[in-house]
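> Sharing a model prediction with you, sequence too.
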Protein chains: 2
Amino acid sequence: MNVSHDKDAALGAALDLFWQQGYASTSLKDLERATGMHPGSLYAAFGSKAKLYCLSLERYATRLQTLRAELLAKASSPLAGLAAFITEAHPLSNAEAPLPVCYLVKATLESSHGNQMIEEKIAELLTKNDAVFEDIFQQAIDAGELPANTAPHKRARQLSADLAGLCFYALRADDPAVIKEMVSDLAHRLHH
Amino acid sequence: MNVSHDKDAALGAALDLFWQQGYASTSLKDLERATGMHPGSLYAAFGSKAKLYCLSLERYATRLQTLRAELLAKASSPLAGLAAFITEAHPLSNAEAPLPVCYLVKATLESSHGNQMIEEKIAELLTKNDAVFEDIFQQAIDAGELPANTAPHKRARQLSADLAGLCFYALRADDPAVIKEMVSDLAHRLHH
DNA sequence: TGGCGTATTGAGCAATCACTCAAGTTACCC
DNA sequence: GGGTAACTTGAGTGATTGCTCAATACGCCA
């Protein structure tokens, strides 16, 4: 009795598992259970555990970027779009997904995976993300939302760190209202 | 040829290893190499890998608290002491130790260790840390350094998140000057 | 020096790890 | 229905995991 598998759904399930448990403490047995695929199929489809992880990181980053682009297009200004992104970017996976970039933050801090491919992939995605932030801040300057002497690079860097801090706090806080308040504070801080 | 072991030095070596590699991807073979102890001795001294990890967390938190108390005692005011703590709390282990609470942040974000004892220990240490921050902010209010309507609890929470964000950024940034600047910015923000 | 209790040793345990591949099943075209 | 290419299967690979314990070495007092 064979089961035909949906590679995309399996990747989504893997993302959720890696998100919850981290890379090192997610075993192939776990992945088999979550994806419904047997080891052979998993390796035929994805190559290795590390490649599957990289794919999940990439898929997350892509979804994040898509959502960000949508919200920016809808928004009345660059900073308004960025604020919407920060406050509304929750449902990016099936798992509890507290905040944007949260998956990447966890991946970064899970420590030297001992795997160069993974570390390069994470660095690449984060760098790309910072560049997008910087671009948005530049647009805000051009639109007169921020003073002309604002350093967009520095602002992007700070936002990246602030989001990571929020992600950290969200993971340990019991009260979702607290997180909501912190997220809202951060969104307001965008306008200086 | 037996070797008599220094439990304290071994704990320090374990701390550095766990810090660099994380809990899940540090094996007992790694710990044997780093501490110079054989498995039997390790278990006689520490009980288990998880207990050793908890001990390392506790030791880190204790050192952090000691350093903080020293800097506060030397400082001219509560906020000045806090600023000194943020900018000078680097050399807390033999390993590269970019920032205060960094080890705890990494431990938190390494994801559900699947071990209740570890998660409770981390939560306990972070809660204790937040309480100390809150206490310092309260002292700053009492001393007139901050307006009377400041919410020390909220400020403590924000500082905790900010430090975590910095810790995250420090781990991916290549340029130490950038981190220094961000640390200095955070220290200045303390005064509102 | 002999004897005793504590500390140290490291081979080895069962379990699990990431991963492979020969055998079996299916889908599809003629 | 027969042939074939592609996919699925899961038992099994050797390596590694966290951990144990009988055997050995040691410090110390008589």
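Cool, got the structure.
> residues touching A:Phe46, list them.
Contact partners of A:Phe46, counting by C-beta atoms under 8 Å, 6 or more residues apart in numbering or on different chains, are A:11, A:52, A:55. (Glycine included, C-beta is placed from N, CA and C.)
> Scan those residues and report the most crowded one.
A:Leu52 (24 neighbours; other C-beta atoms under 10 Å in any protein chain shown).
> hang on, it packs against A:Ala34?
No: at 11.2 Å, A:Leu52 and A:Ala34 do not qualify as touching, with contact defined as C-beta atoms under 8 Å.
> Could you pull out the residues contacting both of the two?
A:Ala14.
> show me where pLDDT drops low in chain A?
Along chain A, segments meeting pLDDT under 70 span A:1-2, A:4, A:90-100.
> at 90 what do you get?
A:1-7, A:87-102, A:110-115, A:170-177, A:179-180, A:192 (pLDDT under 90).
> Up against chain B, what does chain A have?
By C-beta under 8 Å from any C-beta of the partner chain, the residues of chain A that approach chain B are A:20-22, A:24-25, A:105-106, A:108-114, A:122-123, A:126, A:157-158, A:160-169, A:171-172, A:178, A:182, A:185.
> For chain A, give the residue positioned nearest to chain B.
Chain B sits closest to A:Gly165 of chain A, with a gap of 3.0 Å, by C-beta to the nearest C-beta.
> I'd like the distance from stretch A:168-183 to the chain centre, please.
The chain centroid and the centroid of stretch A:168-183 are separated by 17 Å under C-alpha atoms, centre = their mean, to the nearest Å.
> One more: stretch A:62-77?
The answer for stretch A:62-77 is 14 Å, by C-alpha atoms, centre = their mean.
> buried stuff in that stretch?
Using 16 or more other C-beta atoms under 10 Å in any protein chain shown as the test for burial, stretch A:62-77 gives A:63-64, A:67-68, A:71-72.
> quick one on the thing from earlier: list the contacts of the residue of chain A closest to chain B.
By C-beta under 8 Å, 6+ apart, the neighbours of A:Gly165 are B:160-166, B:168.
> could you redo the last one with a cut-off of 7 Å?
When contacts are counted by C-beta atoms under 7 Å, 6 or more residues apart in numbering or on different chains, A:Gly165 touches B:161-162, B:164-165.
> And A:Ala34, by the same measure?
When contacts are counted by C-beta under 7 Å, 6+ apart, A:Ala34 touches A:13-14, A:17.
> Distance check, it against A:Ser56.
From A:Ala34 over to A:Ser56 the distance is 11 Å, taken as C-beta to C-beta, to the nearest Å.
> residues shared between the contacts of those two?
In terms of C-beta under 7 Å, 6+ apart, A:Ala34 and A:Ser56 are both contacted by the residues A:Ala14.
> Make sure A:Ala13 is actually in contact with A:Thr35.
Yes: taking C-beta atoms under 7 Å as the definition, A:Ala13 is a contact partner of A:Thr35 at 4.8 Å.
> what's the overlap in contacts for these two?
Counting by C-beta under 7 Å, 6+ apart, nothing touches both A:Ala13 and A:Thr35.
> Which of the buried residues of stretch A:62-77 sits closest to B:Arg189?
A:Arg68 (26.5 Å; C-beta to C-beta).
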